[in-house]
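[1] Okay, sequence plus prediction incoming.
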Amino acid sequence: MTKPILDIRGITKSYGALMASNDISLDLRAGEIHALIGPNGAGKSTLIRQIAGNQAPDSGSVWFNGADITKLNTVARARLGLGRTFQISSLAMEYTVLQNVVLGSLGQRGKVFRFFGNVMKDKALVAAGLHALEQVGLQDFAGMRTSELSHGQRRQVEVAVALTLKPKAFLMDEPMAGLGASGSKRLMGFLDGLRQQAPILLVEHDMDAVFALADRISVLVYGQIITTGTADEIRTNREVQSAYLGTDDDTEVAL
Amino acid sequence: MTLILFIEQLLNGLQSGVMLFLMAAGLTLIFGVMGLINLAHGSFYMIGAFAAAAVAAATGSFLLALIASLAAAALVGSLVELTIIRRLYDRDHLDQVLATFALILIFSEGTRWLFGSFPLFLDIPDYLSGPVTLPFGIQYPLYRLAIIGIGLLVAIGLFALIAKTRIGIQIRAGESDREMIGALGVNISRLYTIVFALGAALAGFSGALIGAIQSVQVGMGEPMLILAFVVIVIGGIGSIKGALVGAILVGMTDTMGRFLLPTIFATFMEPSTATTIGSSLASMSIYILMAGVLLFKPTGLYGKA
Amino acid sequence: MRREAFINAAIFTLLLAVPLWAYWADQPFTITLATRVAIFALAGVGLNLALGLGGLVSFGHAVFFGIGGYAMGILASHAQSYTPLMEWPFTLNGTKSMPVIWLVATLSSALAALAIGALSLRTAGVYFIMITLAFGQMFFYFTISWPAYGGEDGLLIYVRNGFPGMNTLDPIQFFLICFSLLAIVLFFMARLAKSPFGLALSAARHNEKRVQAVGIAPYRLRLVAFTISGGITGLAGALFADLNRFVSPNMFSWQTSGEIMVFIILGGTARLFGPVAGAALFILLEHFLGGLSEFWHIYLGALLLVVVLFARGGLIGLLAGREVAHD
C-alpha cells in the first residue's frame, strides 16, 4: 500500500452537544479520487474547513505528505500544495480570467512583494496561468472578464486556479454544483485524467459523478464515517441505504 | 491624596461611564440589528443638548428640557432613518461611513446656523444643585449623583426592554438572524425605524444630561462618539452587556488616569514634569486599554468570534 | 487611449497649467490654491492605496498627515531656535532642509502606520473603522496635552524650509515642488496597481478566501499597503505644514481624516486620479461656496450624500463611465 498523501486521523469537533465531526479518519492516496458523500447536515463542510485549515479540530490531526499540518493555517497549507476549490465560486469577478489564474501562479511562485513590474507582462506567470487554462479548455476565454463567464466556466476557472498551484493533492468542494448535464460531463472527463497529476478528495452531491469517478467513497452521516469502499460496495451497503433513504427525513439524494 | 478624593473620582468615573453607556448602547444596537455604522450618532447627542437648552431657556423647566431632548433626538432620528439611513443598510461600510459623515457636516453646520457659534448653557435646576453628604462624610454634587442614578435606571430599563418585551424579542431575533424576523412576520422597516429612533433618543438624552455640566456647543457630539467607539471595540459589537462593561471601564480608566497618573509620577519626578507626562499619558490611557483588548481579544470582551 | 486615461491627462495638465497661468497673470492666491490641491491630492493618493486598492476603510489617516506635519514642525523649530533635538546619546540637530524633512516625515508616519496597522488589521470591517478613528483621536489629545511643541497652540515656523537650488518662498516654485512630488507618487502608484503586489492586494479586497487558498497571507499584504499609504500621507502632511508654516493638533483631528476620505470619494474610489480630481473639486467648493456662505459645509455634506447615494464613481466615474479597468 502506498503511503497516503493526505491523512486525516481521528478528527473530532463539537459545537456544544452537536458532534459535527466524530472521530473521523480517512486518507487520500496517490492517483486516486476519493469521494466524500453524505446527506445534508452530515458535517461535510465542517470537515472540509478542518482539512483546509479554516478551523481547528478539538482533537485529532491532519497529515500531509508525512508532516503534521494540524496547526497550520490555510495559507501555509496552500503553500505546501493543498489545492482547493470552493463550493461558492470565489474568483475575483471583476478580474479577467487570465488575471485570476495569474493570481494563482503568483501565489505558487511567491515573491508577492514586488511593487514595480507589470504582473500581467511577467512571462513565466502568464505562461503558467495560460497553461492551466489550457488544461481546462478555457484558453480562448483568457481575456474575458470573469463575471461574463457562464456558471460552468467559472467552475472550470476555479479548478484552473487550483492547478496553477501545482498541488500535490486537490480538495474539491462540490465542483459539479449548478452545472448542466453537458457541463458536468466535461468536468468529469477532466477530473478523470487529473487524478494522475494529483489525487482528489472530492466532496460531491452528484451521485452519478461520484459513482463514475471515485476509486473509493466514504460516507459521512451525523459526523461519522459509516463506511469506506468502492462504488459497488457503497451501492449495496445497507447502512448507506438507510442513511439516505431510511429514517432520514431530509432525503434529497436517491441512490 | 485622601481617600475621600479618591472615592469622589471613582464616582466621577462611574458618572462618565454611565453617560457613555447611553451613547454606546444605541450605536451597538443599531449595528447589531441593522448592520449599520452610524457616525451621525454624535449629532443626536448634540441635538438633544440643544433642544434641552432651548426648551429650558423658554420654559425654565429642567424636566421639560429633558423630555424635549428625548423627543427631538427621536424625531430627528426617525426622520433621518426614513429618508436616508434606510438606503444604506444594503451598502458597504464605506458608503455608510461617508453618508453619515455627510450627515454630521449637515447637522453641525445647520445647528451653528440656527443657534450661532457661541455655547449655550443649560442650568442645573435648584432641586438638584449643591452637594450632598454621603457616608464617611464625602461631599458630592447632587446633580452628578442624580445622573448616575438616572443612567443606571435607563440601563436597567433597556435590559428589561430587550429581555422582556415584544420589541425586545424582535431586536434579539434581528441580531441573530435577519431573515428570521421577516419570516416571523415582523414589520422589519418599522422595527428598524424604532431601533434607530431609540438609539438616537438615548444619545440625545445623555447630551442633555451632560449639557448641564459642560457647555452646549456644536461639535460636542463627536468626541463622545469616538469614545463610544472605543467602548464598543472593548465591549464587542452588538453586545449591550459589552457596551455597559466597556463604558464603565473607559469612564473609570479615563477619570482615574487623569487623577492618579500625575500623582504617581510625582513620587519620583519633579512636580511640573510629572504633571506634564502624567496628563499626556492619561490622555492616551483609554486607547492603550483598547489596544490591549485588541491584542488579546480582537472581537472585544463580549463580541462574537 | 481609454477615456479615463484621457481624463487623467486632462486633470494633470490643468493642475499644472492653471498655476502657470496664474504666475503669468500675477495671481499668487490662485497658485496657493493649486498648491493646496496638489498637497491634498497627495494625501488622498496615500489613503487611496489602503482604501481604494486594499479596501481598508481607514478613518485615521489624519494621524499620518499630522505626524508628517509635526516632523516638519519639530525639525524646523529646533533649527530656527538653534537648539538640538537631543544631546544624548548623540547630538541631533534640527534642519530646514526639505529633503531631510520629507524623509523623516515619510519614515516616521510609515512607522506609525506599521504599528497602528499591525494592531487594527487584526480586525476587519466596522471594527477597523472605529479603531483607526480612535487612534486618530489619541494622537489629537496627545499633541494637545504635550506642551513641549506648542500644545494646543501648535508651532509657528517663521521661514519656509529650503530646497537646494530653489527659492521655496516663491509660490510658483513651491507649487512645482509639490506638484513634482505628486507626479512621482502617482507614477509609483500606477506601477504599483499593476504589480504583483497590486494584483494580490486588490484580489484580497475582492475575496480574501481566494487569496489565502493560493497561499498568500492577506494580513501581510494589507499591513504593507497600510504602511506605504501612511508614509505617503505623512509626506503630504509635511508639505502642508510647510505651505502654512504652521502645525497644530488640528492636523490630527477626525475632521481631517474625514476630509482626506472625502477627496477620494468626490473624485472616484480606486481610481488613480480620483484623489486629484476630488481634492481639486473640494478646494473649488471651499473657495466658491465658502465665499457665498459661512455655512458651506452644509452644501458639502449634501453633495457628499448625493455622491454616495447616487453617483458611486465620483467625478471621474461620472466622466469616464462606471467600469474600472483592471488590465
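    Great, that's in hand.
[2] next one: phi and psi at residue C:247?
    In terms of degrees, to the nearest 10, the main-chain angles of residue C:247 are phi -130, psi 150.
[3] Across the sheet, point out what pairs with it.
    residue C:155 (DSSP bridges).
[4] Touching, it and residue C:67? I think so.
    No - at 10.2 Å, residue C:247 does not count as touching residue C:67 under the criterion of C-beta atoms under 8 Å. (C-beta placed from N, C-alpha, C; glycine too.)
[5] strands paired with the strand or helix carrying residue A:9, and their directions?
    For residue A:9, the element it lies in under DSSP states H and E is strand A:6-15. The pairing partners recorded for strand A:6-15 under DSSP bridges are strand A:18-28 (antiparallel), strand A:59-64 (antiparallel).
[6] Highest mean neighbour count out of these?
    Across the strands paired with strand A:6-15, averaging neighbours per residue (mean count of other C-beta atoms under 10 Å in any protein chain shown) puts strand A:18-28 on top, at a mean of 19.
[7] sorry, back to before: buried set for the strand holding residue A:9?
    A:6-9, A:11-13 (16 or more other C-beta atoms under 10 Å in any protein chain shown).
[8] pLDDT for those residues - can I get that in JSON lines?
    Listed next are the buried residues of strand A:6-15 as JSON lines, based on pLDDT from 0 to 100:
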{"residue": "A:6", "pLDDT": "89"}
{"residue": "A:7", "pLDDT": "89"}
{"residue": "A:8", "pLDDT": "88"}
{"residue": "A:9", "pLDDT": "89"}
{"residue": "A:11", "pLDDT": "88"}
{"residue": "A:12", "pLDDT": "88"}
{"residue": "A:13", "pLDDT": "86"}
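[9] need the contact list for residue A:219.
    By C-beta atoms under 8 Å, 6 or more residues apart in numbering or on different chains, the residues touching residue A:219 are A:37-38, A:225-228, A:234, A:237, A:239-240, A:243.
[10] Filter these down to the buried ones and hand me the ChimeraX line.
    In ChimeraX syntax, the buried subset of the contacts of residue A:219 is picked out as below (16+ other C-beta under 10 Å):
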select /A:37,38,225,226,227,228,234,237,240,243
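[11] could the contacts of residue A:219 go into a markdown table alongside pLDDT, distance to chain C and secondary structure?
    A markdown table is the format used below for the contacts of residue A:219 (pLDDT from 0 to 100; distance: C-beta to the nearest C-beta, whole Å; DSSP: H, G, I helix; E, B strand; the rest coil):
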| residue | pLDDT | distance to chain C | secondary structure |
| --- | --- | --- | --- |
| A:37 | 87 | 23 | strand |
| A:38 | 84 | 23 | coil |
| A:225 | 85 | 25 | strand |
| A:226 | 85 | 30 | strand |
| A:227 | 84 | 30 | strand |
| A:228 | 87 | 27 | strand |
| A:234 | 83 | 29 | helix |
| A:237 | 80 | 34 | coil |
| A:239 | 79 | 34 | helix |
| A:240 | 77 | 31 | helix |
| A:243 | 73 | 30 | helix |
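[12] Quick one: closest of the strands paired with strand A:6-15 to residue B:207.
    Shortest distance between residue B:207 and the strands paired with strand A:6-15, using C-beta to C-beta, is found for strand A:18-28: 46.2 Å.
[13] could you give the mean pLDDT of that closest one?
    Per-residue pLDDT over strand A:18-28 has a mean of 86.
[14] Looking at residue B:53 now. What's its pLDDT?
    At residue B:53, pLDDT is 94.
[15] now swap in residue B:290 and tell me
    Residue B:290 is given a pLDDT of 89.
[16] Next one: it from chain C, what distance?
    With distances taken as C-beta to the nearest C-beta, to the nearest Å, residue B:290 is found 6 Å from chain C.
[17] wait, is that residue part of a helix?
    Yes - read with DSSP: H, G, I helix; E, B strand; the rest coil, residue B:290 is one of the residues of a helix.
[18] didn't it look like it was pressed against residue C:131?
    Yes - at 7.2 Å, residue B:290 counts as touching residue C:131 under the criterion of C-beta under 8 Å.
[19] where do the contact lists of those two overlap?
    residue B:233.
[20] and the residue of the stretch 101-250 of chain A found nearest chain C, what are its phi and psi?
    Residue nearest to chain C within the stretch 101-250 of chain A: residue A:107 (3.0 Å; C-beta to the nearest C-beta). Torsion angles at residue A:107 (phi, psi; degrees, to the nearest 10) stand at phi -60, psi -40.
[21] Pull the contacting residues for the nearest residue to it once chain neighbours are set aside.
    Of all residues not flanking residue A:107 in the chain, residue C:214 sits nearest, at 3.0 Å (C-beta to C-beta, 6 or more residues apart in numbering or on different chains). Shown in contact with residue C:214 (C-beta under 8 Å, 6+ apart): A:78, A:103-104, A:106-108, A:161, A:164-165.
[22] What about residue B:129, how many residues nearby?
    Residue B:129: 12 surrounding residues under other C-beta atoms under 10 Å in any protein chain shown.
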